[in-house]
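Colleague: just need the structure, nothing else, for what follows:
(chains A and B)
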Protein chains: 2
Amino acid sequence: MTKARQLFIVFIVGLVFNLHAEPINFLQLRAQYEQTSENWPEPWLEEGVEHSEIGALTEVIFPFENPFTIAKMRLGEALFFDPILSRSGQIACASCHDPDLGWADGRRVSFGHDRQVGQRNAPSIENAALWQSLFWDGRARSLEQQALIPIQAGNEMSLTIYELELKLNSTYQYKQKFKQAFAKEYISAEDVAKALATFQRTIRSRKSDFDFFLLAAKQSDPKRKRVLSQKLTDQALWGMHLFRTKARCINCHSGSLFSDNKFHNIGLTYYKREYEDLGLFNYTGNPADVGKFKTPSLRGVMNTKPWMHNGLFISMAGVINIYNAGGVRILKDENDVFSPETSTLLKPLALTQDEKMALETFLHSITAHPANGPHFSFLSES
Amino acid sequence: MTKARQLFIVFIVGLVFNLHAEPINFLQLRAQYEQTSENWPEPWLEEGVEHSEIGALTEVIFPFENPFTIAKMRLGEALFFDPILSRSGQIACASCHDPDLGWADGRRVSFGHDRQVGQRNAPSIENAALWQSLFWDGRARSLEQQALIPIQAGNEMSLTIYELELKLNSTYQYKQKFKQAFAKEYISAEDVAKALATFQRTIRSRKSDFDFFLLAAKQSDPKRKRVLSQKLTDQALWGMHLFRTKARCINCHSGSLFSDNKFHNIGLTYYKREYEDLGLFNYTGNPADVGKFKTPSLRGVMNTKPWMHNGLFISMAGVINIYNAGGVRILKDENDVFSPETSTLLKPLALTQDEKMALETFLHSITAHPANGPHFSFLSES
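Modeller: Below is the predicted model:
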């Protein structure tokens, strides 16, 4: 065979394999992922991205300044569901963070005082303890700091700190409960925040199929290993592999929370248009932060439709299509320092229809039913 | 071969076919269902059940006493989203019937005034025009009659008719709008109801995959026929067949709304227990009606989680399992005339796992995205 002919055949074979994607060896894939995550296939990471593997939820750490007690958690729970924290007496924290709706509100954007519309989609409070910053623009650095912001926001609960303390201090029941939790006579907004934060730190996702699958690696009993491994179907397993490789999700959705706790611009900032939202820039004032929003957690993601900071998508296929296209590409205006730039971590992915479906199946497998309330494991601590 | 030997082989073959269900001939099934519905396979109906075939949505009829006008519809739309209709000024009709949540609220049971908990799951208002009665217990006979009930309910919007009229008549904007719609100087609660009902009659489900599939029967162009037919996958088509046959759903979920507009007891009445809800009996006082609830529509059903009158199920697999078991069987206490009786239309179904999944897939295929608002077809009428 001539050299040219050889090359031609290689070319044709390559073409065929590109058109009719190589069949997946599911047995091999399963064997690879049944090992502990150090032995998983290499993730496809963009240069400079720190590798933080997806995995089981880490333990919750209660801060030194606000240690866990059952009394405080129960007080926080009562406050969370009580509309007393709002001016109208009609809106509770749970109005936008409802356990029935994955601890979010299922709406594109939230409603607050006088049914005023907010600008952003309410994030779930599942695993709130694991965030390094709160809000889509990260402007709160702790749950304690976060808690008092929606209470005071005019289009959310619309109550001043003064009124909050006045209302609670006139309530016999809360006087008793705060005394139990904080051993003080006067109810302060600071302690309200501490109680709410303590309650929220106990809301952890239930174990998902993915979490059960992770346990397979630790089993010596082959039967038990197989049962746990089967918690992920072939399609979900393939989706997980794509998530870490070709679909490049892991560049941002990493770690036990499936979020890098960082801020990125995927091109939905609506710069200089209706619905403009500059995201992180509103908080930092740094032109490089225009249009950046916090990477949301994907644990429980299928419970918290619609998606994105502005609730733009009601279909996960739509979300995946946006990423498949490499995000919404915006041409940076070189004459405008504030003009936003879509993250270079996003690239067109050329996913096939089957690959997109596998990804969505994986997202189902990291979604368990919404957590019901304080996780039982906390009830024994004090 | 001896007779006995022949019989033995027939027995064995029968056994094998029972254990390993006969493979479905999807080509044949599709050919059958690609015809108009008169030619579909016979539905498996219980004796005495009237046959009303599932099909495209029927046209909306506006009642003689409350004809359609654009002004009235737009007024109704404004009222529907306005918390002015509640005592606190915080709760609108849309609080429990939100377009983002399939025109329901996504909660197990609804919250109303002072965040009081209701007893029932908020039904979607999609296709409200097609109901013969409203509420889970059918206690309203028209949308006009229905509209004023949640406004007055103490645990919903908590406003008296007197206060309602007073509030609206003090509003310049509504004075103008009502004058346009009803040519009267004084705003009456009756006209509020008429406007709300007119708006609600315009909320119709979008076309679902099932609706597109139905169009296949009417096509002469074979290519177009095939495209429309493919809107239902094999699995969904099989689910549709099961819905009408082995799974017996069609005994109650029939007609264009997938509801017979009747009342049945599936065994979730919690008689003499916590969460007791006697359903239709509360309205009729007839002991035979204890525990009966209106058959809900299944159009858009996948948008309105959780399900059942009490929002008991957050997983459709759970719902299907209940029906597969023949409903919740309750032994009637013969000494207690009020003791409820589970409907005899329900029987154990012996569905396989694959059949259950096919049914769920069919339910997805009769769910389109929630309708956004007044359907465009009304905007040209007046």
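Colleague: which non-adjacent residue is nearest the residue of chain A found nearest chain B?
Modeller: In chain A, no residue comes nearer to chain B than A:Q90, which is 3.9 Å away by CB to the nearest CB. C-betas here are computed from N, CA, C, even on glycine. Nearest residue to A:Q90 in three dimensions, chain neighbours excluded: B:Q90, at 3.9 Å (CB to CB, 6 or more residues apart in numbering or on different chains).
Colleague: quick one, what contacts the one you found?
Modeller: A:S88, A:Q90, A:I91, A:H113, A:D114, A:R115, B:P83 (CB atoms under 8 Å, 6 or more residues apart in numbering or on different chains).
Colleague: A:E46 in helix, strand or coil?
Modeller: Of the three states, A:E46 takes coil under DSSP: H, G, I helix; E, B strand; the rest coil.
Colleague: which parts of stretch A:287-303 are buried?
Modeller: For stretch A:287-303, the neighbour count (16 or more other CB atoms under 10 Å in any protein chain shown) marks A:289-303 as buried.
Colleague: could you report the neighbour count for A:K175?
Modeller: Neighbourhood size, A:K175 [other CB atoms under 10 Å in any protein chain shown]: 15.
Colleague: so it is in which element?
Modeller: Using DSSP states H and E, the element containing A:K175 is helix A:172-182.
Colleague: what helices and strands are in contact with the helix or strand just after that helix?
Modeller: Using DSSP H and E, the next helix or strand after helix A:172-182 towards the C-terminus is helix A:189-200. Applying 3 or more CB pairs under 8 Å, 6 or more residues apart in numbering or on different chains; DSSP states H and E, one finds that helix A:189-200 contacts helix A:70-80, helix A:143-152, helix A:161-169, helix A:172-182.
Colleague: hey, C-alpha coordinates of the shortest one in PDB?
Modeller: In PDB, the C-alpha atoms belonging to helix A:161-169 read as follows (Å, rounded to 0.1, in the frame of the first residue of the first chain):
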ATOM      1  CA  ILE A 161     -33.800  46.600  62.400                       C
ATOM      2  CA  TYR A 162     -35.500  48.900  64.900                       C
ATOM      3  CA  GLU A 163     -39.000  47.600  64.000                       C
ATOM      4  CA  LEU A 164     -37.700  44.000  64.000                       C
ATOM      5  CA  GLU A 165     -36.400  44.300  67.500                       C
ATOM      6  CA  LEU A 166     -39.500  46.200  68.700                       C
ATOM      7  CA  LYS A 167     -41.900  43.500  67.300                       C
ATOM      8  CA  LEU A 168     -40.000  40.600  68.700                       C
ATOM      9  CA  ASN A 169     -39.400  42.100  72.100                       C
END
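Colleague: what mean pLDDT does it have?
Modeller: For helix A:161-169, mean pLDDT is 98.
Colleague: report all helices and strands that it contacts.
Modeller: helix A:143-152, helix A:172-182, helix A:189-200.
Colleague: including mean pLDDT, could these go into JSON lines?
Modeller: Converted to JSON lines, the helices and strands packed on helix A:161-169 look like this (pLDDT from 0 to 100):
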{"stretch": "helix A:143-152", "mean pLDDT": "98"}
{"stretch": "helix A:172-182", "mean pLDDT": "97"}
{"stretch": "helix A:189-200", "mean pLDDT": "98"}
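Colleague: quick check, A:Y283 in a helix?
Modeller: Yes - assigned with three-state DSSP, A:Y283 falls within a helix.
Colleague: tell me who's in contact with it.
Modeller: A:D137, A:G138, A:R139, A:D289.
Colleague: between those, which sits nearest A:A31?
Modeller: Nearest to A:A31 among the contacts of A:Y283, counting by CB to CB, is A:G138 at 39.8 Å.
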